[in-house]
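Engineer: One predicted model, sequence on top.
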Amino acid sequence: MKTEPVIDSWDDAGVEAGPGWHRADGADRVTAVNLSQAEEAVLGHIKEEEGQTIEVVSQVFACSQCPFAHLEEVKLHQHVEKVHPEEHSRVLRSGGNGAEKPLLPSSTHQQPTPPKALPTPTQAHTGPAGAHTCSQCGKGFGWQSELIRHVRTHTGERPYDCSQCGKSFRLASHLAVHQLIHTGERPYQCSQCGKSFRSASDLTRHQRTHTGERPFHCPLCGKSFIQSSTLKIHQRIHTGECPFPCSQCGKSFRSASILTIHQRTHTGERPFQCGQCGRSFSQSSTLILHRRTHTGERPYRCGLCGKSFSHSNSLTLHQRIHTGERPFQCSPCGKSFIHSKSLTLHQRTHTGERPFHCSQCAKSFRFASNLTKHQRTHSG
């Protein structure tokens, strides 16, 4: 009886050769994985509901050059040809095809009477959407491997430990990428610019900066993104969700990285230093922009008038002069603006807000520039 494959690749499932896996010397396959007791406890109900014992085994074709693996042999061939062309050429010269049959599991498993209707091959691999349900929160998954990974968010289990620094990870693939920090190895190189990366997924994301591909689309506003994680953060603009609170002031943020940057306003940390003038910044992106004041680099060019800018946002704002786009509208009066900051300043004419206070006479102003002018009356 065919059983549902547990993983589709190491990158996605976080599985690598290690305890619970069996690999032949020099072979390019991995075959079986053991679940922890905590995972078995949460997954146990699946066996009862389906009326069969789930065999947590998969026949996987794995790359001998890197952690990539896939259930389909042809996908492994495509990977080797694209990512490891030298190895691909060597295999062709040797007359081989670079793949053998996957190893059989080293242990036997119970094979009870199969259910009346066996799933199709597609269903066996993925199952219907939500076929595998978490017993703790009710969330459904199409892949059993997805459920296995999800279970660890409840148990808190991080079974993969770095032998050098002791840091633990939920997924073996995360540990594998982390360990490259210690070795300094960056095995994935961009063929267009030569930049190297620690993981295949990092390289894939980088290559989209060359191709312009932005495959992740927001269904609410149509904006596109290079990474799915960036789309997820963007969607919180629409939902208003800010799940990352600051422990010092209580302010909440859409992402952990934005929270980290905010926390530096409390600590005063400015870890990014300019090598030319010594000035420090709280964000790496701010340092990159600052460096352009030294180099004079203006990499963002308007295709209509030829004017160049040091920052992509500046180009976007400039292009609205040509298009006439004014996307920021005041709800009380309907007036529109090119820039969100211009709208914020304008709205103070409606609210009466005067957030800039003189420390000497307590007079308040709507704009920082007006406060600066006023303070000169005190200094003479």
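Structural biologist: Received, thanks.
Engineer: Please, where are all the helices along this protein?
Structural biologist: Ranges of helices within the chain are 10-13, 37-50, 73-83, 85-93, 121-125, 144-155, 172-183, 200-211, 228-239, 256-267, 284-295, 312-323, 340-351, 368-379, based on DSSP state H.
Engineer: Look at C274 and say how many residues are nearby.
Structural biologist: Using other CB atoms under 10 Å, the number of residues around C274 comes to 14. Heads up, the C-betas are built off the backbone N, CA and C, glycines and all.
Engineer: Spatially nearest residue to it (excluding sequence neighbours)?
Structural biologist: H290 (5.9 Å; CB to CB, 6 or more residues apart in numbering).
Engineer: Now do the contacts for the one you found.
Structural biologist: With contact taken as CB atoms under 8 Å, 6 or more residues apart in numbering, H290 is in contact with C274, R279, F281.
Engineer: can you pull the pLDDT of it?
Structural biologist: H290 is assigned a pLDDT of 93 by the prediction.
Engineer: and the gap between it and L317?
Structural biologist: To L317, H290 is 19 Å away according to CB to CB, to the nearest Å.
Engineer: do the same with H210
Structural biologist: The value you get for H210 to L317, if CB to CB is used, is 25 Å.
Engineer: Between those two, which is the more surrounded one?
Structural biologist: Under the criterion of other CB under 10 Å, the comparison of H210 against L317 puts L317 first, with 17 against 11.
Engineer: Check T126 and give its pLDDT.
Structural biologist: Here, the pLDDT recorded for T126 equals 44.
Engineer: For the helices of the chain, give me JSON lines that also has distance to G250.
Structural biologist: Written out in JSON lines, the entries for the helices of the chain read as follows (distance: least, CB to CB, whole Å):
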{"stretch": "helix 10-13", "distance to G250": "37"}
{"stretch": "helix 37-50", "distance to G250": "34"}
{"stretch": "helix 73-83", "distance to G250": "46"}
{"stretch": "helix 85-93", "distance to G250": "53"}
{"stretch": "helix 121-125", "distance to G250": "46"}
{"stretch": "helix 144-155", "distance to G250": "25"}
{"stretch": "helix 172-183", "distance to G250": "31"}
{"stretch": "helix 200-211", "distance to G250": "33"}
{"stretch": "helix 228-239", "distance to G250": "18"}
{"stretch": "helix 256-267", "distance to G250": "11"}
{"stretch": "helix 284-295", "distance to G250": "25"}
{"stretch": "helix 312-323", "distance to G250": "29"}
{"stretch": "helix 340-351", "distance to G250": "22"}
{"stretch": "helix 368-379", "distance to G250": "25"}
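Engineer: Which among those is found nearest to G194?
Structural biologist: Taking CB to CB as the criterion, helix 200-211 is the member of those that comes nearest to G194, at 11.2 Å.
Engineer: Output the contacting helices and strands for the closest one.
Structural biologist: Using 3 or more CB pairs under 8 Å, 6 or more residues apart in numbering; DSSP states H and E as the contact criterion, the elements in contact with helix 200-211 are strand 188-189.
Engineer: Adjacent strands (with direction) for the strand it packs on?
Structural biologist: In the sheet, strand 188-189 lines up against strand 196-197 (antiparallel) (DSSP bridges).
Engineer: for the partner strand, what is the average pLDDT?
Structural biologist: Per-residue confidence for strand 196-197 averages out to 90 on the pLDDT scale.
Engineer: One more: stretch 367-380?
Structural biologist: 87.
Engineer: Can you list the buried residues in it?
Structural biologist: Within stretch 367-380, the residues that qualify as buried are L371, H374, counting by 16 or more other CB atoms under 10 Å.
Engineer: Give me the residues contacting that stretch.
Structural biologist: Counting by CB under 8 Å, 6+ apart, stretch 367-380 makes contact with L345, F356, H357, C358, Q360, C361, K363, F365, all of which sit outside it.
Engineer: repeat for stretch 244-252
Structural biologist: The set of residues external to stretch 244-252 that reach it, using CB under 8 Å, 6+ apart, is C242, P243, F253, R254, S255, A256, I258, L259, H262, Q263, H266.
Engineer: what about that stretch, start to end distance?
Structural biologist: Between the start and the finish of stretch 244-252 there is a gap of 5 Å, counting by CA to CA, to the nearest Å.
Engineer: likewise stretch 152-171?
Structural biologist: 9 Å.
Engineer: Stretch 292-300 too?
Structural biologist: Using CA to CA, one end of stretch 292-300 lies 12 Å from the other.
Engineer: What of stretch 149-166?
Structural biologist: Separation of the first and last residues of stretch 149-166 by CA to CA is 21 Å.
Engineer: just stretch 355-375 next, same as before
Structural biologist: Distance between the two ends of stretch 355-375: 15 Å, counting by CA to CA.
Engineer: ok, back up a step: which pair of the contacts of stretch 367-380 spans the longest distance?
Structural biologist: For the contacts of stretch 367-380, with distances taken as CB to CB, the pair at the greatest spread is L345 and Q360 (23.9 Å).
Engineer: out of those two, which sits in the busier spot?
Structural biologist: L345 (15 against 11).
Engineer: that older thread, which among the contacts of stretch 244-252 count as buried?
Structural biologist: For the contacts of stretch 244-252, a neighbour count by 16+ other CB under 10 Å gives the buried set as F253, R254, S255, L259, H262, Q263.
Engineer: among those, which two are most distant?
Structural biologist: Taking every pair in the buried ones among the contacts of stretch 244-252 and measuring CB to CB, the maximum separation is 14.7 Å, between R254 and Q263.
Engineer: number of nearby residues for the residue nearest to I258 when sequence neighbours are not counted?
Structural biologist: Computed as CB to CB, 6+ apart, the closest residue to I258 that is not its neighbour in sequence is F244, at 7.2 Å. Number of residues near F244 (other CB under 10 Å) recorded here: 17.
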